[in-house]
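Visitor: Here you go, sequence then predicted model.
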Amino acid sequence: MGKIALVTGATSGIGEAVAILMAKEGYKLIITGRREERLQELASKLKTQYGTETLALSFDVRSCNEVEQYLGNLPEQWQSIEILVNNAGLAVGLNPVQDGVLDDWERMIDTNIKGLLYVTKCVSKYMIERKCGHIVNLCSIAGKEAYANGNVYCATKHAVDALTKGMRIDLLPYGIRVSQICPGAVETEFSLVRFKGDVNRADNVYKGFTPLTAMDVADAIMYMVKCPPHVNINDMVIMPTAQANSYTFNKVL
Ligand code: NDP
Ligand code: 8X3
């Protein structure tokens with residue numbers, strides 16, 4: 001059968017890097033995201049480079065119906081998922097709460113909290129049947145401490161922090177490991193999405209210091225999943241050396 005990993009949000013950044021490292025490790029992959037073309041490109045790259053068998057599923061994690069349609073009844077040969085990386089997520093906007101944009105808030109809450117829950121509900125069902133599995137949630141340093149204008153994004157990641165803890169308790173009787181990783185600044189498409197395509201504003205975020213790369217975070221996730229079965233990394237905070245907490249940087253501009 002071969003071991004199977006499911007990575008949400010594999011069309012860019014951390015999710016794509018995790019998919020590549022999982023493929024290198026010999027996992028078969030289920031990759032998801034809304035951008036179908038990018039999923040197909042990644043699937044064909046994984047096939048060519050590592051001979052990986054990949055199931056590419058394009059859907060929006062905010063839609064409970066779509067999640068259920070794509071993940072609720074996976075073909076039999078794709079059901080024995082060993083690893084779920086709940087990575088799909090985003091920040092939209094950076095405004096003080098009094099100037100918040102309702103649509104931005106809803107996008108973040110629906111993706112980062114509700115999407116993660118819909119996916120987890122579907123996939124944990126397969127893990128429970130087999131009494132094994134490992135779920136890794138993408139939290140953030142924003143899930144540990146709030147920063148100016150980060151209000152709702154920080155709240156969604158604080159929710160992920162709580163959900164990780166709750167999931168670990170609920171899934172404990174089934175031998176399912178639940179971990180989370182909390183990165184500081186990682187240079188991906190994250191800021192481009194947050195600033196709605198404003199390239200200059202996005203680039204500025206990473207000026208004057210060396211941010212983490214998607215591969216740095218993927219490496220750390222691989223460490224978690226490669227631990228022996230009796231070991232679970234509950235929580236890992238990973239930061240650029242030039243970042244002390246969610247709002248203190250050593251920038252040389
Ligand atoms: P990217 O923007 O590069 O990647 C985000 C991924 O999430 C994309 O593949 C995107 O796919 C997917 N996604 C977003 N919304 C949806 C949706 N509604 N349905 C399905 N997929 C969706 O950012 P990162 O790689 O940086 O972010 C990955 C995770 O890491 C996020 O949860 C983020 O909050 C977290 N994180 C990021 C940090 C950073 O500094 N970059 C630091 C800490 C945590 P598509 O658009 O194709 O749907
Ligand atoms: C992304 C990191 O600090 O920009 O979660 O919120 S931060």
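Guide: Cool, the structure landed. Ligands and ions are numbered 1, 2, ... in the order given.

Visitor: going forward, measure contacts between C-alpha atoms and count neighbours the same way
Guide: Fine.

Visitor: Stretch 5-13: end-to-end distance?
Guide: Start to finish, the residues bounding stretch 5-13 are 17 Å apart (Cα to Cα, to the nearest Å).

Visitor: An error on my part: the question was meant for stretch 22-31.
Guide: Length of stretch 22-31, first residue to last, Cα to Cα: 11 Å.

Visitor: do that stretch and ligand 1 meet at all?
Guide: No - Stretch 22-31 lies out of reach of ligand 1 by Cα under 6 Å from any ligand atom, never closer than 9.4 Å.

Visitor: what's the spacing between Cys20 and ligand 1?
Guide: For residue 20 the amino acid is Ile, not Cys. Going from Ile20 to ligand 1 by Cα to the nearest ligand atom, to the nearest Å gives 13 Å.

Visitor: residue contacts, that residue?
Guide: Leu46 (Cα atoms under 8 Å, 6 or more residues apart in numbering).

Visitor: quick one: average pLDDT of stretch 5-13?
Guide: Averaging pLDDT along stretch 5-13 yields 99.

Visitor: Centre of the chain to it, how far?
Guide: Relative to its parent chain, stretch 5-13 has a centroid offset of 7 Å by Cα atoms, centre = their mean, to the nearest Å.

Visitor: Contact residues of the stretch 1-150 of the chain facing ligand 1?
Guide: So the stretch 1-150 of the chain meets ligand 1 at 9-15, 33-35, 60-62, 87-90, 111, 138-140 (Cα under 6 Å from any ligand atom).

Visitor: May I have the longest helix belonging to the chain exported as CSV, CA atoms only?
Guide: What stands out as the longest helix in the chain, according to DSSP state H, is helix 151-171. Provided in CSV are the C-alpha atoms of helix 151-171 (Å, rounded to 0.1, in the frame of the first residue of the first chain):
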residue,chain,number,x,y,z
ASN,A,151,-6.1,41.0,16.1
VAL,A,152,-8.2,38.5,14.1
TYR,A,153,-5.3,36.5,12.5
CYS,A,154,-3.8,36.2,16.0
ALA,A,155,-7.2,35.1,17.4
THR,A,156,-7.5,32.4,14.7
LYS,A,157,-4.0,31.0,15.5
HIS,A,158,-4.8,31.1,19.3
ALA,A,159,-7.8,29.0,18.3
VAL,A,160,-5.5,26.6,16.5
ASP,A,161,-3.4,26.4,19.7
ALA,A,162,-6.5,25.4,21.7
LEU,A,163,-7.8,23.0,19.0
THR,A,164,-4.4,21.2,19.0
LYS,A,165,-4.7,20.7,22.7
GLY,A,166,-8.3,19.6,22.5
MET,A,167,-7.7,17.2,19.6
ARG,A,168,-4.8,15.6,21.4
ILE,A,169,-7.1,14.7,24.3
ASP,A,170,-10.0,13.5,22.1
LEU,A,171,-7.8,11.4,19.9
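
Visitor: Now do the lengthiest strand in the chain, average pLDDT.
Guide: For the chain, the longest strand by residue count, based on DSSP state E, is strand 176-183. In this model, strand 176-183 has a mean pLDDT of 99.

Visitor: what's next to it, contact-wise?
Guide: Against strand 176-183 from outside (Cα under 8 Å, 6+ apart): 127-128, 131-143, 161, 164, 167-168, 171, 217, 221, 224, 232-239.

Visitor: Return the distance of that strand from the chain's centre.
Guide: The answer for strand 176-183 is 10 Å, by Cα atoms, centre = their mean.

Visitor: so what strands line up beside that strand?
Guide: The strands beside strand 176-183 in its sheet (DSSP bridges) come out as strand 133-138 (parallel), strand 235-238 (parallel).

Visitor: near ligand 1 at all, the shortest one?
Guide: No - applying Cα under 6 Å from any ligand atom, one finds that strand 235-238 is not in contact with ligand 1, the shortest distance being 9.0 Å.

Visitor: Fine, thanks again, bye for now.
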